[in-house]
Structures are given as structure tokens and as C-alpha cells.
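**Student:** no letters, just coordinates:
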């Protein structure tokens, strides 16, 4: 498979399986808590000081490319003395220990300590300065661990309750497929465009489209936006005459070049809008070469939820993109 030019690799992170005893044979309860929520176990004076500010900046800053302000994660701080069984089974835990007796600053990542599927992050430092250094040097990894844990839960649910009729269709179309949970249906299909929709009061839809690869500029922001606009104009009409989906120019979409589970792709985030109308919302897309390198394949997820917060809805449909797998029967050796 051809490589994406100028790839800046951000490898997918798997939670480190630190032993939690019993040889992995314990029966654990299901995790509690809401999607996108993190419990931080921390002394109150630390939470109200510099370290707390650092953690809030790291984990509760504005989620990018959402039309209203929403934090990356919803944080709940709990004092260590109140960290009882009720909180121990939460889905995401960050345990902060600052003690002058700690001789080596560290961040440890564990899974399924008190519940399953659980993400537990331990941060230990001798003082506030050392803790702030950990936030500075390990902050991106902490974010990635939490994001991966949230994503893995959604993907596991998609696999468990898969709309299995869609996989053969998408496999035939591009040689691989994400896992679509129950409720997704094909809304439109052409020779080069596929629209798979989950439409209730909220739209969480996915577009899949493909076009010939041409050269080194295939994954530039300008080219990705131009191709997106072309496909949207031709395939996604609005409610009225001379209206169609396009890319909003309020802000330039961002593009990152990532590597995830062996796949190189360009991830674009931005806002969509309807030309000559007032509809709009966030989107995220993954673009990559076909297995023989002759085509660019794009998977795009978008959300339309005008009356609701959008962070969790976008994270749900975005996770479907991350579940993409090549059809093994078609994989070229």
C-alpha cells in the first residue's frame, strides 16, 4: 500500500495491561458513569491549586470543532477519603498522589482494576512542580489513553450489536468496512458514493466515497476540502432547491496525518453547512489509499443535533470510523 506523504505518525495507544491480581480470572462489574466523564481522585487543596488548574486545562479545555463550547471531558473531583466502592467502578479514573515520600515521578496506565471495561490512570509525584512536569510531558498520552478507552467501548458495542447486513455492501464498495451498530441503514448508493444513516431526532450519519489518486497533493487540506465539496454538492441535497451540503469557511478545517493499528490516514475535522440554508454541524473524516494505491477512500462522520450538546454524539459516530478493517479475503499480501 502506498504511504501518505509527510506522515506524522500518531500511533494508536493500547492500555497497558498492568496485572491487577487473580490472573485475570476475576468477575468484574460493568463500569458506571456517563460517556466522556472522568473522576479525578485528588486532595482538595491540590485540586484548587496549580495542579488542578493544569489538569483542567488538559482535560476540560474546549473540544475542538464544535459549534458551542463543550469540554473534552466532564471532570468530577473526589477526595481520596471519599473514594469508595461507588466511585471505584467508574469508567475513567485518574488517581493523583502527591507526596514528598515519592522518589520517582510516574504515570501508570491500567485496565479493569475494579470494573470492566475500565481505564485507570495513576499519577504520582513528590510535589506540585513534579506533577506539573508530568502533565506537561505526559499530557498528550493521558488524553490519548482516555480517548482510546472511550473509543474502544463504543467499538465493542458496535461489534456486539452490529448491523451485519451493511458489512458485505461496504466490503464490495471499498474492500473493507467499519462496524455499524444496529439502526444504521443505507440511504444512498452510487458508483463512488455511499451514505449510511442513523437518523432520529439527531443525525449521526456516515459518508463513504472514493476517487482516483493523483499524486503528492492527495492529502493536502485544499484537496481534501475540494473533493469533499464536490461529493457533497453532487450527493447531499438540502431541503430546498439549490441547497446542498458543503464545508463551512468560518474556520479552516484541521488535518492530522495519523497511524492507527497499522493504517495511515489523514484525519480532517471541520464544520459542515448547507449552502443557501442555516443547517450545520461538526464532521470528521478519515482519508487513505485503497489497498492497491489507485484510489483515495474517505470515510466521513457528521452530526446534526441543533438542540443538544454534540461532543458525545460526534465521539460515537467518529469511533465507527476507527473500527474500519480491510476485508481479509481481499487483503493483498
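**Tutor:** Great, that's in hand. As the structure is a prediction and not an experimental result, all values here were calculated from the model.
**Student:** starting at the chain centroid, how far to whichever strand or helix holds residue 152?
**Tutor:** For residue 152, the host element (DSSP states H and E) is helix 128-160. Centroid displacement of helix 128-160 relative to its chain, using Cα atoms, centre = their mean, to the nearest Å, is 11 Å.
**Student:** likewise for stretch 307-317?
**Tutor:** That offset, for stretch 307-317, works out to 11 Å (Cα atoms, centre = their mean).
**Student:** go through it and flag the buried ones.
**Tutor:** For stretch 307-317, the buried set under the neighbour-count rule, 16 or more other Cβ atoms under 10 Å, comprises 310, 311, 312, 313, 314, 315, 316, 317. Every C-beta, even on glycine, is put in place using the N, C-alpha and C of the backbone.
**Student:** beyond the helix holding residue 152, next helix or strand please.
**Tutor:** Heading C-terminal from helix 128-160 (DSSP H and E), you reach helix 166-174.
**Student:** low-scoring pLDDT stretches of this protein, where are they?
**Tutor:** 1-25, 329-333 (pLDDT under 70).
**Student:** quick one, helices of it?
**Tutor:** Counting by DSSP state H, the chain has helices at residues 44-47, 50-59, 85-88, 128-160, 166-174, 221-235, 311-322.
**Student:** show me what the first one is in contact with.
**Tutor:** Just to be clear, that refers to helix 44-47. 40, 52, 55, 77, 79, 96, 98, 128, 131 (Cβ atoms under 8 Å, 6 or more residues apart in numbering).
**Student:** the fifth one: how many residues sit nearby?
**Tutor:** The number of residues packed around residue 79, counting by other Cβ atoms under 10 Å, is 13.
**Student:** tell me if I'm right that it and residue 39 touch.
**Tutor:** No - assessed by Cβ atoms under 8 Å, residue 79 is found out of contact with residue 39, at 11.3 Å.
**Student:** thinking again about what came up before, and the buried ones among the contacts of helix 44-47, selectable in PyMOL?
**Tutor:** To isolate the buried ones among the contacts of helix 44-47 in PyMOL, judged by 16+ other Cβ under 10 Å, type:
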select buried, resi 40+52+55+77+96+98+131
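**Student:** in a markdown table, list the contacts of helix 44-47 along with distance to residue 284.
**Tutor:** Formatted as a markdown table, those follow (distance: Cβ to Cβ, whole Å):
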| residue | distance to residue 284 |
| --- | --- |
| 40 | 27 |
| 52 | 30 |
| 55 | 25 |
| 77 | 30 |
| 79 | 37 |
| 96 | 31 |
| 98 | 36 |
| 128 | 36 |
| 131 | 32 |
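**Student:** between the contacts of helix 44-47, which is closest to residue 228?
**Tutor:** residue 55 (35.9 Å; Cβ to Cβ).
**Student:** and the angle from the helix holding residue 152 to helix 50-59?
**Tutor:** 30 degrees (axes from the mean of the first three to the mean of the last three Cα atoms, to 10 degrees).
**Student:** follow-up on the earlier one: of all the helices of the chain, which one is nearest residue 205?
**Tutor:** That would be helix 311-322 among the helices of the chain, by Cβ to Cβ, at 7.5 Å.
**Student:** residues contacting that closest one, please?
**Tutor:** With Cβ under 8 Å, 6+ apart, helix 311-322 has contacts from 35-36, 63, 66, 70-72, 150-151, 154-155, 158, 178-181, 198, 202, 204-206, 260, 282, 284-286, 299-303, 305.
**Student:** in strands, which of the residues you listed fall?
**Tutor:** 204-206, 260, 282, 284-286, 299-303 (DSSP state E).
**Student:** next, give me the two most distant ones among the residues you listed.
**Tutor:** Between any two of those (Cβ to Cβ), the greatest distance is 21.8 Å, for 205 and 260.
**Student:** the residue in the chain sticking out farthest from the centre and residue 205, how far apart?
**Tutor:** No residue in the chain sits farther from the centre than residue 101, which is 37.4 Å out by Cα atoms, centre = their mean. Look at residue 101 and residue 205: by Cβ to Cβ, to the nearest Å, they are 53 Å apart.
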